[in-house]
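Novice: Whatever this is, show me its structure:
(2 chains)
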Protein chains: 2
Amino acid sequence: MKPVTVGILGLGTVGGGTVTVLSRNAEEISRRAGRDISITHAAAKAYDKDQIMGLDDIEISDDAFQLVENPDIDIIVELIGGDSPAKELVLKAIENGKHVVTANKALIAKHGNEIFAAASKKGVMVAFEAAVAGGIPIIKALREGLAANRIEWVAGIINGTGNFILTEMRDKGRDFADVLSEAQALGYAEADPTFDVEGIDAAHKLAIIASLAFGIPLQFDKAYTEGISKIEKQDVEYAASFGYNIKHLGITKKTDKGIELRVHPTLIPKERLIANVDGVMNAVLVHGDAVGDTLYYGAGAGAEPTASAVVADIIDVARTLTTDPNNRIPHLAFQLSELANTPILDIDAIESAYYLRLTVDDKTGVMAEITQILSDNKISIKAMQQAKHQKGEPAPLIFMTHQAKEKNMNKAISAIAFLDAITGNIQCLRVEHL
Amino acid sequence: MKPVTVGILGLGTVGGGTVTVLSRNAEEISRRAGRDISITHAAAKAYDKDQIMGLDDIEISDDAFQLVENPDIDIIVELIGGDSPAKELVLKAIENGKHVVTANKALIAKHGNEIFAAASKKGVMVAFEAAVAGGIPIIKALREGLAANRIEWVAGIINGTGNFILTEMRDKGRDFADVLSEAQALGYAEADPTFDVEGIDAAHKLAIIASLAFGIPLQFDKAYTEGISKIEKQDVEYAASFGYNIKHLGITKKTDKGIELRVHPTLIPKERLIANVDGVMNAVLVHGDAVGDTLYYGAGAGAEPTASAVVADIIDVARTLTTDPNNRIPHLAFQLSELANTPILDIDAIESAYYLRLTVDDKTGVMAEITQILSDNKISIKAMQQAKHQKGEPAPLIFMTHQAKEKNMNKAISAIAFLDAITGNIQCLRVEHL
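Specialist: Numbering: from 1, shown residues only, chains lettered A, B, ... in the order given. Take a look at the predicted model:
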């Protein structure tokens, strides 16, 4: 069989990794795929020659638009990232009948519906395994491996930077700001860390996961995001004392009322496997009605782990070049015509257990007032603890609640904030027992 | 598209689960697959009507050989288990041009080479995701998701019964025999537990994993197996005191000299994720050169988890009905013509770190003799501990070694056994830092 020809857009970290992996493992990959995969062209403004293996046989230009017009290229691999010109390039490649592989989570989360519609019309594939959790083949698992199941919920640690920060805070008792500076110095976190620590990057990935799990269109704009910058050292300690680790989770659940789609810091019982996924590693826990819990763990970023997913997609696409376009695995796991309009729930409509930290003046009667407010709002207390404090100083009070309505919890917090005895901020975090 | 017709051989636990899952999730599955999947026929000697959902539209006979001759059936699902008549039925189905899905690990591990050769000749698929680690889509991950990688090693907890026993021994300080009796009473373990606790079942699965990872023919007969019946309560305790959990691992590694293929109890550092996979759960840790470590976790057995994998295979096969037989994913991940004859190493040829437990009369000079023997055999000691014992009674001595040659360790043990001061048995377990 003749080699499949590939054109790569972007020779940055992931682009370089992709060229290196395809070159280093060419023989092994060809023994698997039954044909050679050949990167014939690449487009890049700048790249680091010394970091990339196998560049010699590649024709490199700085004009990406020329590449997507090149009739000699079978598969376009988009590794530029961001919205534009990635979107225009991908749509043009599709228009020209080319298959596309991309690692671009923002692109898929925000423009996937449009891109997949165009691809389906043209009968080409758009593969995006690398867009979620880097090297972990989670998209393949959701779309094919678990295809027998009604997926009930998915919870994932899908941002390595955030997980690194939370792990350091827990293991070394450090502050958020302190660890963030170090992560920036090490190159784990961007100069503007908002994307990672405020949950936007995770929400991109979660929106993709939700579509694959529940057969709904991509709806990134409806995701609720809450960052980890609000987590204080003391919260990590108090959570630990109740037997929990704090993780920044992306959670999507199907309920009778609709689909929950939310990224926020979450307390998870320490004995859960996912609570022990530390450092920059990612993990996705999927609950299916038949299979029960399955978990997928690995590196969520980095040159070669991401390249591992990109190259797997190239092999998959190479195989499907000879298949009937009407009988392929659908982009979003479900047939395009079968996507459901199940509503995405507002965060106010969810239910959760909660961790509530108050700081109160140590007066008689204040506890009675607080518990009365919680009770009035149908929130029942599972555990309570007064943390150590200097005599005469305000006392930190931590409540762990049973399952309650988010709406009621918000009402309770507003009422508690009015109490005279409350000083300082009120911290409220969700708890998932998974 | 017209429905795909399926004939099921066997309506036991997994067969019943498969019918139930396909029936309960029919709508969701059809939204994914783009066509209906219809079980039209089944063959079973006996089955439990009340436990299976969706039997009404199925024509049930007790003649499996009639089913594999039926021209109206597209896919034969073999869920009888064991060697015979499963092998004859599968080969006959292939001969008749039918695709096959099976959950039969013994069949694939022992007769896979013959079966895949026949299937390739006929241009049909034989899918076996359920044969390894039940509901975990590990075969798909190895074969497709990680196809860009040179796999360096795989280590798995791939027998739930054994993992349940070891978990109970650790958590409750119980004896092997005691937990085994309970597991038998609960139905987790067979009346003859040899298959599970001596590692034969795990070796079936490991042989399949090794073929997929390294592109070699199935060679179950060359797997080394060592069971967990030799593990004593005190070993679990001493391992814990050094920071390790004991797990029954299947390990396959590619080295310069060949491929290691071994199932044995193994000490793993407690902080490793796989060391925390407890109870009847399974997990497989895969190390690829590009992706690094990835781990796959879930239920390794049970009606519906196994059915989850069987039904995913049926959907996959249904999709490939319209593909070019020469451009499909190969059964063993690598093209049949590209399988390598890399040798499987004898257990004597491996290297490992070791846990060595001796019981010695508390005399001066004995420690010097033991350490001299270890040193003579190029085994260096990482840690040593004398366990608590009654004064005057023999003392348990535990050594943790650095990486050493298995051959040298065996020589050292033979020499140590000759020492006058040694009483009782010598326990030697392998340690993997993964």
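Novice: Domain ranges for chain A, per the record?
Specialist: Domains of chain A are assigned by automatic domain parsing as A:4-137+A:303-338, A:138-298, A:350-431.
Novice: Now mean neighbour count, mean pLDDT and distance to chain B too, for these, in a markdown table please.
Specialist: For glycine as for every other residue, the C-beta is placed from the backbone atoms N, C-alpha and C. Supplementary listing: the domains of chain A in a markdown table, determined by neighbours: other C-beta atoms under 10 Å in any protein chain shown; pLDDT from 0 to 100; distance: least, C-beta to the nearest C-beta, whole Å:
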| stretch | mean neighbour count | mean pLDDT | distance to chain B |
| --- | --- | --- | --- |
| domain A:4-137+A:303-338 | 21 | 95 | 3 |
| domain A:138-298 | 21 | 96 | 3 |
| domain A:350-431 | 16 | 95 | 20 |
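Novice: dump the residue contacts of residue A:273.
Specialist: A:283, A:285, A:295, B:273, B:276-277, B:297 (C-beta atoms under 8 Å, 6 or more residues apart in numbering or on different chains).
Novice: my bad, residue A:419
Specialist: Applying C-beta under 8 Å, 6+ apart, the residues contacting residue A:419 are A:360, A:366, A:369-370, A:373.
Novice: related to what we said a few turns ago, show me the one of the domains of chain A that comes nearest residue B:260.
Specialist: domain A:4-137+A:303-338 (18.8 Å; C-beta to C-beta).
Novice: re the thing from before, going by distance to residue B:195, which of the contacts of residue A:273 wins?
Specialist: The closest of the contacts of residue A:273, once distances to residue B:195 are taken by C-beta to C-beta, is residue B:277, at 20.7 Å.
Novice: ok, that closest one to chain A distance?
Specialist: 7 Å (C-beta to the nearest C-beta, to the nearest Å).
Novice: Please tell me I have it right and that residue contacts residue B:284.
Specialist: No - at 9.7 Å, residue B:277 and residue B:284 do not qualify as touching, with contact defined as C-beta atoms under 8 Å.
Novice: can you list the residues that contact stretch A:318-332?
Specialist: A:4, A:33, A:35, A:37, A:74-75, A:99, A:112, A:116, A:119-120, A:123-126, A:143-144, A:211-212, A:215, A:217-218, A:336, A:339, B:1, B:32, B:34, B:319-324, B:327-329.
Novice: 6 Å instead?
Specialist: A:4, A:33, A:116, A:123, A:125, A:211-212, B:319, B:322-324, B:327 (C-beta atoms under 6 Å, 6 or more residues apart in numbering or on different chains).
Novice: ditto for stretch A:150-165
Specialist: Under C-beta under 6 Å, 6+ apart, the answer for stretch A:150-165 is A:133, A:179, A:183, A:188-189, A:196-197, A:201-202, A:205, A:209, A:213, A:228, A:247-253, A:277, A:279-280, A:282-289, A:300-301, A:434, B:25, B:28.
Novice: Next: stretch A:67-77.
Specialist: So stretch A:67-77 is contacted by A:4-8, A:41, A:43, A:89, A:92-93, A:98-101, A:317 (C-beta under 6 Å, 6+ apart).
Novice: sorry, back to before: please narrow the contacts of residue A:419 to those residing in strands.
Specialist: residue A:360 (DSSP state E).
Novice: Could you export the contacts of residue A:419 as a markdown table, including distance to residue B:387?
Specialist: Below are the contacts of residue A:419 laid out as a markdown table (distance: C-beta to C-beta, whole Å):
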| residue | distance to residue B:387 |
| --- | --- |
| A:360 | 50 |
| A:366 | 53 |
| A:369 | 56 |
| A:370 | 51 |
| A:373 | 55 |
